[in-house]
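1. I would like to see how this sequence folds:
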Amino acid sequence: MPLDRLVLGEANVRRVQRADGLEELAALIDAQGLLQRLSVVAQDDGRFAVVAGGRRLRALQLLAERGRLAGTHPVECRLCDAVQARQVSLAENSGREAMHPADQMVAFRQLIEDEHLSVAQVAQRFGVSVLSVERRLRLARLAPRFIAMYRAGEIDNDQLQALALIDDLQAQEAVWDGLRPHDRSAWRIRDAVTAEACSADSRLARFVGLDAYEAEGGAVRRDLFASGEDLSGIFLDDLPRLHALAMERLRGHAEAVRTEGWSWVEVTLDTDRAAWRGFGFEAQGERAPTPEEAQALAGLEALALTSAQALDAHQTDGDPEADDFEAREAQLGGALDEVEDKLEAARAALRQWSPEQLARAGALVRLDSRGEVVVERGLVRPADRAARRSVARGAEGAGEGMAAEDEAAQPSQARTGDAARGAFSERLMRDLSAHRTAALQAALLQQPHVALAALAHRMAETVFSLYGPGNDIVRVSTRVCGDGTLAQAATDHGDSRAAGVLGQAEGLWGDLLPGKPDALFAWLLAQPQEVLLDLLAYCTARSVDAIRTRMPSRADMSDALAAALGLDMADWWQPTQRHYLLHVSKSAMCEAVREATGAEVPAPLTSLKKPALAAHCASQLEGTRWLPLPLRARHAQSEENEEREENAASETAPGEGAEEEGEGEEADADRRTQG
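-> Below is the predicted model:
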């Protein structure tokens, strides 16, 4: 039958038409021709309705659209009786069995090795990518034992992919047999295979660069099944060469630091700070300002004081219900931020190392955990510190250098400004962030894997000193952020969806856990891992505390958690009068409606009193899933911005709580990093 006279028949029982695999099918027909005829019934209009072979028809039509087939191209068909059309369609769609992946893998290998087709030719003829063919070929070349096990369902695809990292067939079997039967997960196999290798995502590999390593003859092993952007799927097998290249590059950085005039400069690849915690630290001094600089500093200090007083007066004496209250607060906060930035820049220009400091102190050039070069300047060796104490013993003040050491640990004054200072009041910000905290907790209950990752992250950043700003929202101490805390901050928390999810979980665990403390551990030991993970998710979730009184200036761990959970606050919160609209200005209400609907609030309505306007706006916002800025998804800043703000990470903002125990010493060291 001519292709242009074929149409999809009503008797075709397959109603779900998916695009998946259609390109592959079209490529197969283009390369091999139509291998299985279509089943059709004649129509009164002279066309033929396809009752079995609808996907093949769509693939043929796709080829015709692309000019690969003519509209009159003859298509082999089987003419059926219209009475039996539906039975024919059901029979064909019911009797199919998909090819086992192992059979396709082996067939691809035979086409390449026996029929001498290239990988590109196989990819073209069967409508798949070259990478897909290479991946299946890699699996087909595993030891025959594993192909047979795959067909029998005794090994899964992930385990095969892990074994495919090994080229030698005997080594594949040795790794498999060397693991205990219950410990042959894909992760465990990959770990055993790459135990002596280094991931391209590691700090040393990032610092040296994969291209530079390979250019020096370094051996590389690539996991074909990893994402093309995933460096963790590339393994560097020559660790001594990698270390040598890293040291060579680091010494180059050290030479530049040595020209600054330090008495000594050392280089290390070690991230453990224990070896140099006994070192003293020289605080960078300041030179005397020129008359012009002194005048500029005095002017900036006076302007900063005036700006801070104006902002405080507005927050204390201003009318929060006024339409321009928040706009004025934002203006005053922005002015204070600007003058503080200028003041800090002016003071930074005066900082310098004195010749005496350069003569008695040195610098350490090292790599941090992210593979970035860090220079610790002004370090005083323990022996030099002891000598100075001996000389200065009994002298009043103990010397300039030691005083500088004692003062170095004092954190600099936290910035009082905030880019979003005036956008949301403290009360509203606390309300919104408490609702978001409850939603984060509830979402974590439903995804124990993310809860486990969050807990591991909190532990790892403590063990490896990888503290970041805003990363302390999982309070593993453990301090519970329960319904009482949430209800105090979040309006109508008890009626929220998150409270329902959390309350149901609390009741479930209350019934499961033993009532006596001395029986709890024994009960936990007797539970399967799935129960422990769910309990861990609940406890981790209940430790999350992302309640804030100020809009954060950058994305933090709560945003990372929200992204991992796929959290959409529109599923957990709605902008009602009580929850939001009565807490913002009339202009903010109208702006919310404009953002959500694309329409302006009619001018006559803007003159209504606030409660009436809030009621109108609430009706307009209903069902739009609009969210205010604090509840929208946020993303991490660029690495450049993160590096610039790294010093601020160890400072504690007013009202946010003190540093956790054990972080002070590490934070002091971090503040010295960017010297």
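
2. I'd say Leu8 and Gly53 touch.
-> No - between Leu8 and Gly53 there is no contact, the gap being 9.6 Å when judged by CB atoms under 8 Å. Quick note: C-beta positions are derived from backbone N, CA and C, even for glycine.

3. who's more crowded, those two?
-> Gly53 (27 against 16; other CB atoms under 10 Å).

4. isn't the more buried one right up against Gln36?
-> Yes - Gly53 lies in contact with Gln36 (CB under 8 Å); the separation is 7.2 Å.

5. thought Arg370 was touching Arg203?
-> Yes - at 6.1 Å, Arg370 counts as touching Arg203 under the criterion of CB under 8 Å.

6. neighbour count winner among those two?
-> Taking other CB under 10 Å, Arg370 and Arg203 do not tie; Arg203 has more neighbours (18 against 14).

7. what's the closest non-adjacent residue to that one?
-> Gly371 (3.5 Å; CB to CB, 6 or more residues apart in numbering).

8. what lines up beside the longest strand belonging to the chain in the sheet?
-> Secondary structure of the chain per DSSP state E: the longest strand is strand 373-380. Looking at strand 373-380 with DSSP bridges, its partner strands are strand 280-281 (antiparallel), strand 362-367 (antiparallel).

9. just the C-alpha atoms of the longest one, please, in PDB.
-> The one in question is strand 362-367. Provided in PDB are the C-alpha atoms of strand 362-367 (Å, rounded to 0.1, in the frame of the first residue of the first chain):
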ATOM      1  CA  GLY A 362      56.900  33.100  57.200                       C
ATOM      2  CA  ALA A 363      54.200  31.700  54.900                       C
ATOM      3  CA  LEU A 364      52.700  28.300  54.200                       C
ATOM      4  CA  VAL A 365      51.400  27.500  50.700                       C
ATOM      5  CA  ARG A 366      49.000  24.600  50.700                       C
ATOM      6  CA  LEU A 367      45.900  23.100  49.000                       C
END
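
10. contacting residues around that strand?
-> 203-204, 207, 246, 250, 253-254, 257, 260, 262-271, 276, 373-381 (CB atoms under 8 Å, 6 or more residues apart in numbering).

11. and that strand, what's its mean pLDDT?
-> When pLDDT is averaged over strand 362-367, the result is 89.

12. any idea how far that strand is from the chain center?
-> Centroid displacement of strand 362-367 relative to its chain, using CA atoms, centre = their mean, to the nearest Å, is 30 Å.

13. quick one: which of the strands paired with strand 373-380 is nearest Leu502?
-> strand 362-367 (42.6 Å; CB to CB).

14. would you mark the buried spots in the closest one?
-> Gly362, Ala363, Leu364, Val365, Arg366, Leu367 (16 or more other CB atoms under 10 Å).

15. just stretch 131-143 next, same as before
-> For stretch 131-143, a neighbour-count test (16+ other CB under 10 Å) marks Ser132, Val133, Arg135, Arg136, Leu137, Arg138, Leu139, Ala140, Arg141, Leu142, Ala143 as buried.

16. turn these into a markdown table, including secondary structure, pLDDT and distance to Leu605.
-> Converted to a markdown table, the buried residues of stretch 131-143 look like this (DSSP: H, G, I helix; E, B strand; the rest coil; pLDDT from 0 to 100; distance: CB to CB, whole Å):
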| residue | secondary structure | pLDDT | distance to Leu605 |
| --- | --- | --- | --- |
| Ser132 | helix | 87 | 59 |
| Val133 | helix | 89 | 64 |
| Arg135 | helix | 89 | 61 |
| Arg136 | helix | 90 | 64 |
| Leu137 | helix | 91 | 68 |
| Arg138 | helix | 90 | 66 |
| Leu139 | helix | 92 | 66 |
| Ala140 | helix | 91 | 70 |
| Arg141 | coil | 91 | 72 |
| Leu142 | coil | 93 | 71 |
| Ala143 | coil | 93 | 75 |
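
17. can you lay out those residues as JSON lines showing distance to Gln295?
-> As requested, these are exported to JSON lines (distance: CB to CB, whole Å):
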{"residue": "Ser132", "distance to Gln295": "70"}
{"residue": "Val133", "distance to Gln295": "73"}
{"residue": "Arg135", "distance to Gln295": "69"}
{"residue": "Arg136", "distance to Gln295": "75"}
{"residue": "Leu137", "distance to Gln295": "75"}
{"residue": "Arg138", "distance to Gln295": "72"}
{"residue": "Leu139", "distance to Gln295": "74"}
{"residue": "Ala140", "distance to Gln295": "79"}
{"residue": "Arg141", "distance to Gln295": "77"}
{"residue": "Leu142", "distance to Gln295": "77"}
{"residue": "Ala143", "distance to Gln295": "80"}
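
18. wait, which of those residues is closest to Pro628?
-> Ser132 (44.9 Å).

19. OK, contacts around that closest one?
-> Ser132 touches Ala123, counting by CB under 8 Å, 6+ apart.

20. sorry, back to before: so can I have JSON lines of the strands paired with strand 373-380 showing distance to Glu214?
-> Below are the strands paired with strand 373-380 laid out as JSON lines (distance: least, CB to CB, whole Å):
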{"stretch": "strand 280-281", "distance to Glu214": "40"}
{"stretch": "strand 362-367", "distance to Glu214": "20"}
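
21. looking at the ones you listed, which is nearest to Arg427?
-> Across the strands paired with strand 373-380, closest to Arg427 is strand 280-281 (CB to CB), at 41.7 Å.

22. past the closest one, which element shows up next along the chain?
-> Next in sequence after strand 280-281, counting helices and strands by DSSP states H and E, comes strand 285-286.

23. the nearest residue to Lys610 once chain neighbours are set aside - how many residues pack around it?
-> Leaving aside its chain neighbours, Lys610 sits nearest to Lys586 (6.0 Å; criterion: CB to CB, 6+ apart). For Lys586, the count of nearby residues is 21 (other CB under 10 Å).

24. surely Lys586 is in contact with Ser607?
-> No - under the criterion of CB under 8 Å, Lys586 is not in contact with Ser607, lying 9.2 Å apart.

25. quick one: low-confidence residue ranges for the stretch 401-550 of the chain.
-> Within the stretch 401-550 of the chain, the segments meeting pLDDT under 70 span 401-423, 452-478, 515, 517, 520-521, 524-525.

26. cool, and the stretch 551-675 of the chain?
-> 635-675.

27. which residues in it form helices?
-> 557-565, 586-597, 603-606, 610-621, 639-644, 664-673 (DSSP state H, counting those that start in this stretch).

28. ok, now the stretch 51-200 of the chain?
-> Using DSSP H, counting those that start in this stretch, the helices of the stretch 51-200 of the chain run over 54-65, 85-94, 101-113, 119-125, 130-140, 144-151, 157-163, 169-178, 186-193.

29. those: which one's closest to Ser619?
-> Closest to Ser619 of those is helix 54-65 (CB to CB; 45.6 Å).

30. other SSEs contacting that closest one?
-> strand 6-8, helix 22-32 (3 or more CB pairs under 8 Å, 6 or more residues apart in numbering; DSSP states H and E).

31. make it 10 Å
-> Helices and strands touching helix 54-65, by 3 or more CB pairs under 10 Å, 6 or more residues apart in numbering; DSSP states H and E, are strand 6-8, helix 22-32, strand 38-42, strand 48-52.

32. and the host helix or strand of Ala298, average pLDDT?
-> Ala298 belongs to helix 291-317 when assigned by DSSP H and E. For helix 291-317, mean pLDDT is 87.
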